[in-house]
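> Provided below are the primary sequence and the corresponding predicted coordinates.
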Amino acid sequence: MFNVFKFQNLFKSSLLLLCATAIVSCADNKNSKDEAYVNPKKIKVDGRMDAELTAPPHVPPSTRDRAAKRLTVDMEILEEVGTMTDGVEYVYWTFGGTVPGSFIRTKVGDEIEFHLKNHPDNKLPHNIDLHAVNGPGGGAVSSFVAPGREIVFSFKTLNPGLYVYHCATAPVGMHIANGMYGLILVEPEEGLEPVDREYYIMQGDFYTKGDYGNPGLQPFDMKKAIEEDADYVVFNGSVGALTGDNALTAEVGETVRLYVGNGGPNLVSSFHVIGEIFDKVNLEGGDLVNENVQTTLIPAGGAAMIEFKIDAPGEYILVDHSIFRAFNKGALGMINAGGKDQKDVYKGTIQEGIYLPEGGTIQEMPISDEQHAEASKPPKGQLSFDEKMDLGKQVYAQTCFACHQSEGQGIASAFPPLANSDYLNEDVKRAIDIVLHGKTGEIVVNGETYNSVMTAQNLTDREVASVMTYIYNSWDNNETVVTEEQVKKQRR
Ligand code: HEC
Ligand SMILES: [Cu+2]
């Protein structure tokens, strides 16, 4: 034992010596085999600059020729109506006014000072989680911002790669589903190899009350989102964002690099370019490079860097090779490659009209009589007070907790308190109504003004009666007991 102990000590002290003399620091050395490794924490910044942000499909210029900087990123969140496809509108929530959000280009060692603004006309609070951040919540815990406010937090980029960022405000899935995602690139110190063209593409799945193509302003459908039953699967936020006049362009002989991300919220992408082979793929946006790839998997909340040389002119179609998504749900884009025919590479008569979108007449499975009877069966008996409290607690933990917090305390200027709430205790009918139908517009709770949105909660009469009973009988409220009858009366 003694000997071993002594040996360990010896070993430790010689390691210490090694550390002191080596150029490389031992403490943070992630890759000791690589002589050239520099601890990114030690990279000194040289001056300050404002980050140039770009709307998709464009990316900012390379960072190859600059040193690490103190980099100011100014991003504004906008909630606005946009076009999902011809005749169909959707309220998008965006980072910078586009889906995906503005592209952020940085390099290892940059110190990012992130300014996140929430436009005063917006209805909801938001925040940002950047997968490029080493720190709690990826920044989400420091960036919660109410409409009309701005918040600042900072981080140092330590790991090169292509990363997704997204909103992480409750209900998280809803914020992402409405378009709150984008990409941040962290280039290695020497920058990425220059190429002829670079483009920014991000896939996302969307869930609407109406089916694919049903006209009008389509609201978000939470039930379909939970069931992962997407109506639209698209590149860059809408059907046709990368086709027709919006098609990407390139020339024969050029090398194209695509920064491809997947915002989800649910679906993974089998990303494929019809008629091309990816010469190089940085798998999952990291360092590992695969060559000669036909289709690469891009996880929800993940990304890939894809490079290929255009060897013959023509139309190249970008798809999610989960193929109904491409032809029936919108996941289809296009690169128009100009230039002279390359007969040694490809020869044949070209037929037009292959690989066009087909639209989506979605067939609904009929509901069987038994299922229908089961679903519309009235609940048996009434619950006792204790049963209501149990069920109510459960419902609260599953649906209300994310916004109103564990003890009903709420979050200042975003989610009003349910604990000791004068507003709640004043009018039970009004409170039931809010849970059933949602609420927007100004309200005053315990002297504080709130002007936000509560989504309608899709709960049964029993669940609503129970959760209301639970909140009225917790946290110093007035101990009202709510019945299923009362809830039924408030349904319209
Ligand atoms: C997505 C976040 C969110 C969820 C989930 C949510 N609420 Fe709310 N709730 C709000 C917001 C925001 C308001 C204020 C709306 C406004 O400003 O008009 C509110 C207001 C209320 C009010 C009236 C104000 C008060 O403080 O008394 C009640 C009662 C209420 N919610 C109950 C519930 C119950 C019960 C649930 C769960 C079944 C729930 N809420 C789920 C965000 C939420
Ligand atoms: Cu958000």
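Thanks, I have the structure now. Ligands and ions are numbered 1, 2, ... in the order given.

> from here on, contacts and neighbour counts on C-alpha atoms
Noted.

> check contacts around the closest residue in space to Asn473 that isn't next to it in sequence.
Nearest non-adjacent residue to Asn473, counting by CA to CA, 6 or more residues apart in numbering: Glu479, 4.4 Å away. Residues near Glu479 by CA atoms under 8 Å, 6 or more residues apart in numbering: Thr469, Tyr472, Asn473.

> if I look at Asp231, how far off is ligand 1?
Asp231 sits 22 Å away from ligand 1, going by CA to the nearest ligand atom, to the nearest Å.

> what's around Asn159, how many residues?
Neighbours of Asn159 under the rule other CA atoms under 10 Å: 19.

> whoops, Lys429 was the one
A count of neighbours around Lys429, defined by other CA under 10 Å, yields 14.

> Which pLDDT value does the model give the residue nearest to Asn473?
pLDDT for Glu479: 95.

> which element is it on?
Assigned by DSSP states H and E, Glu479 belongs to no helix or strand.

> Give me the residues contacting stretch 116-132.
In contact with stretch 116-132 (CA under 8 Å, 6+ apart) are residues 74-79, 137-140, 143-152, 157, 159, 161-169, 184, 186, 414, 451-453.

> is ligand 1 contacted by it?
No - Stretch 116-132 does not reach ligand 1 (CA under 6 Å from any ligand atom); its nearest approach is 7.5 Å.

> That stretch spans what distance, first to last residue?
16 Å (CA to CA, to the nearest Å).

> re the thing from before, so of the contacts of stretch 116-132, which ones are in helices?
Among these, none falls in helices (DSSP state H).

> Among these, which ones lie close to ligand 1?
Okay, of the contacts of stretch 116-132 touching ligand 1 (CA under 6 Å from any ligand atom), that's Ala414, Asn451, Ser452, Val453.

> what's the closest of the residues you listed to His404?
Of all these, Ala414 has the smallest distance to His404: 9.4 Å, by CA to CA.

> Could I get the contacting residues of Pro60?
Glu52, Leu53, Thr54, Phe103, Ile104, Arg105.

> want to throw those into a markdown table with neighbour count, pLDDT and secondary structure?
As requested, the contacts of Pro60 are exported to a markdown table (neighbours: other CA atoms under 10 Å; pLDDT from 0 to 100; DSSP: H, G, I helix; E, B strand; the rest coil):
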| residue | neighbour count | pLDDT | secondary structure |
| --- | --- | --- | --- |
| Glu52 | 17 | 97 | coil |
| Leu53 | 19 | 98 | coil |
| Thr54 | 18 | 98 | strand |
| Phe103 | 27 | 98 | strand |
| Ile104 | 21 | 98 | strand |
| Arg105 | 21 | 98 | strand |
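
> Mind putting those residues into a markdown table with distance to Pro125?
Below are the contacts of Pro60 laid out as a markdown table (distance: CA to CA, whole Å):
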| residue | distance to Pro125 |
| --- | --- |
| Glu52 | 25 |
| Leu53 | 22 |
| Thr54 | 24 |
| Phe103 | 22 |
| Ile104 | 22 |
| Arg105 | 25 |
